[in-house]
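Undergrad: predicted model follows, preceded by the sequence.
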Amino acid sequence: MEKLFIGLSYTGAWICLDEFNRIDIEVLSVVAQQFMTIREALLQSRATFSFLGKQVSLNPELGLFITMNPGYAGRT
C-alpha cells in the first residue's frame, strides 16, 4: 500500500478502493491511517508531505475514494 499511495500522490491519479470494510481490522487500521495522512496533506494544500519517513511530492489532482458495505455479514 505504501508504494501505491506514494505513486498516486506523485501522479495525481484517482483510486477507488472498493468494499473497504472487507479488509481485516488490523490491516484496515494501518491503511486508514495512511489514507488520513494523505488527506490531511491535501486539505492543507501541501506540495510535499512526510509519508512513512519519506518526503513525497503531492499532486493536488489526487483523488482517494472508498466504498463500504457496513451491513455485510461477518465483516467489521
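TA: Okay, I see it.

Undergrad: ok so residue 36 is a helix residue?
TA: Yes. If the criterion is DSSP: H, G, I helix; E, B strand; the rest coil, then residue 36 is within a helix.

Undergrad: neighbours of it, just the number please.
TA: Applying other CB atoms under 10 Å, we find 11 other residues in the vicinity of residue 36. Using the backbone N, CA and C atoms, a C-beta is placed for each residue, glycine as well.

Undergrad: what do you get for residue 56?
TA: Residue neighbour count, defined by other CB under 10 Å, stands at 19 for residue 56.

Undergrad: residues contacting it?
TA: By CB atoms under 8 Å, 6 or more residues apart in numbering, residue 56 lies in contact with 6, 9-10, 48-50.

Undergrad: now the helices for this structure?
TA: Remark: helices of the chain, listed N- to C-terminal, are 2-11, 25-43; assignment by DSSP state H.

Undergrad: CA atoms only for the last one - export them in PDB, please.
TA: Coordinates of each C-alpha in helix 25-43 appear next as PDB, following Å, rounded to 0.1, in the frame of the first residue of the first chain:
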ATOM      1  CA  ILE A  25      -9.400  -4.900  11.000                       C
ATOM      2  CA  GLU A  26      -5.700  -4.900  11.700                       C
ATOM      3  CA  VAL A  27      -4.900  -4.000   8.100                       C
ATOM      4  CA  LEU A  28      -7.800  -1.600   7.900                       C
ATOM      5  CA  SER A  29      -6.400   0.400  10.800                       C
ATOM      6  CA  VAL A  30      -3.000   0.800   9.100                       C
ATOM      7  CA  VAL A  31      -4.400   1.700   5.700                       C
ATOM      8  CA  ALA A  32      -6.900   4.100   7.100                       C
ATOM      9  CA  GLN A  33      -4.100   5.900   8.900                       C
ATOM     10  CA  GLN A  34      -2.100   6.200   5.700                       C
ATOM     11  CA  PHE A  35      -5.200   7.400   3.900                       C
ATOM     12  CA  MET A  36      -5.700  10.100   6.600                       C
ATOM     13  CA  THR A  37      -2.000  11.300   6.300                       C
ATOM     14  CA  ILE A  38      -2.600  12.000   2.600                       C
ATOM     15  CA  ARG A  39      -6.000  13.500   3.100                       C
ATOM     16  CA  GLU A  40      -4.600  16.000   5.700                       C
ATOM     17  CA  ALA A  41      -1.800  17.000   3.300                       C
ATOM     18  CA  LEU A  42      -4.400  17.600   0.600                       C
ATOM     19  CA  LEU A  43      -6.600  19.700   2.900                       C
END
